[in-house]
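[1] Just to be clear, the model below is a prediction. Sequence and coordinates:
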Amino acid sequence: MDKQNVQMNAPHPGTNLTGPPGYIGCPGPQAGYPVPPAGYASPGLAGFPVQHQPVTSHPGEPTQVSWMPAPLPPLNCPPGLEYLTQIDQLLIHQQMELLEVLTGFETRNKYEIKNSLGQRVYFASEDTDCCTRNCWGPSRPFTMRILDNMGREVITLERPLRCTCCCCPCCLQEIEIQAPPGVPVGYVTQTWHPCLPKFAVQNERREDVLRISGPCVACSCCADVHFEDFMFFEMTK
């Protein structure tokens, strides 16, 4: 921002301020900033009434988190999902727990979901008990609760306990997406394949709308695993 030159040697026009010797009065408003009208009151953060300011953090999180401003909700949009109409990319960062890093003891996973500008869009927290996490490990069933910047649960992910072995095609991985919580809007189901991780993204009627195919080796040391093959299906009425 360019620096403004402020006149400091005279009071603002229309004022009659007196004070001790050497007092020169208050400076007038800076150039480019109009004088607020009478009765003006600050409206608070754009998009939120004063009495319902958004939370800046959730329990156990660092403070001063930059949240994405809430856009106007479109018609027929589940509450909390209006953010997804404004972005074309989501970045998911897991919050590492010191206890888990040092001891290997499984703790509840927490994730920051951000847009391409680094602003937080959602915060996700796993809801499981200690026994489930440490007995079943990565294969454990879980409930993932996704919260918006008001602390409201807007999406719920339900994953049941399933087998991870490709020799059991009748018990493949599956997750249910609910938005709002309690209302299923989609599923992600594993498609059996002897070598590749393949998944189908389904709508609420369990009709395939996307297909995802991963690499032959679904693990990589100190590097990302890229899922590059996405295929769309034409919806049938």
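    Right, received. Where do you want to start?

[2] so how far is residue 81 from residue 74?
    Separation of residue 74 from residue 81 (CB to CB, to the nearest Å): 9 Å. All C-beta atoms are positioned from the backbone trio N, CA, C, and that covers glycine.

[3] Same drill for these two, tell me which one is more crowded.
    residue 81 (17 against 10; other CB atoms under 10 Å).

[4] where does this protein have low pLDDT?
    For the chain, the stretches with pLDDT under 70 are 1-64, 164-170, 217-225, 228-237.

[5] where along it do the helices fall?
    Taking DSSP state H as the criterion, the chain contains helices spanning 98-103, 130-136.

[6] Deepest-packed of those helices, please.
    Using mean count of other CB atoms under 10 Å, the stretch among the helices of the chain with the greatest mean number of neighbours is helix 130-136 (a mean of 13).

[7] Figure out which of the helices of the chain is closest to residue 212.
    Closest to residue 212 of the helices of the chain, according to CB to CB: helix 130-136, at 23.7 Å.

[8] Identify all contacting residues around that closest one.
    Contact with helix 130-136 is made by 105, 106, 107, 108, 140, 141, 142, 161, as judged by CB atoms under 8 Å, 6 or more residues apart in numbering.

[9] now stretch 80-93
    68, 70-74, 77, 111-116, 118, 121-122, 124, 148, 152, 154-155, 179-180.

[10] what about it, how long is it end to end?
    With CA to CA, to the nearest Å as the measure, stretch 80-93 spans 20 Å from end to end.

[11] for that stretch, which positions count as buried?
    For stretch 80-93, the neighbour count (16 or more other CB atoms under 10 Å) marks 80, 81, 82, 83, 84 as buried.

[12] show me where the chain has strands.
    91-94, 110-114, 120-127, 142-147, 153-159, 174-178, 184-191, 198-203, 208-213, 229-232 (DSSP state E).

[13] Present the ones you listed as CSV; the columns should include distance to residue 100.
    Shown next, in CSV, are the strands of the chain (distance: least, CB to CB, whole Å):
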stretch, distance to residue 100
strand 91-94, 10
strand 110-114, 11
strand 120-127, 12
strand 142-147, 15
strand 153-159, 19
strand 174-178, 22
strand 184-191, 25
strand 198-203, 27
strand 208-213, 28
strand 229-232, 32
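
[14] Start and end of stretch 205-214, how far apart?
    End-to-end distance (CA to CA), stretch 205-214: 25 Å.

[15] ugh, typo on my part, it should be stretch 199-209
    Terminal residues of stretch 199-209 lie 11 Å apart, using CA to CA.

[16] Stretch 111-122 now?
    With CA to CA as the measure, stretch 111-122 spans 9 Å from end to end.

[17] just stretch 179-187 next, same as before
    Using CA to CA, the two ends of stretch 179-187 sit 12 Å apart.

[18] can you pull the buried residues of it?
    For stretch 179-187, the neighbour count (16+ other CB under 10 Å) marks 179, 181, 186, 187 as buried.

[19] What is the most widely separated pair among the residues you listed?
    Using CB to CB, the buried residues of stretch 179-187 reach their maximum pairwise distance at 181 and 187, which is 15.5 Å.
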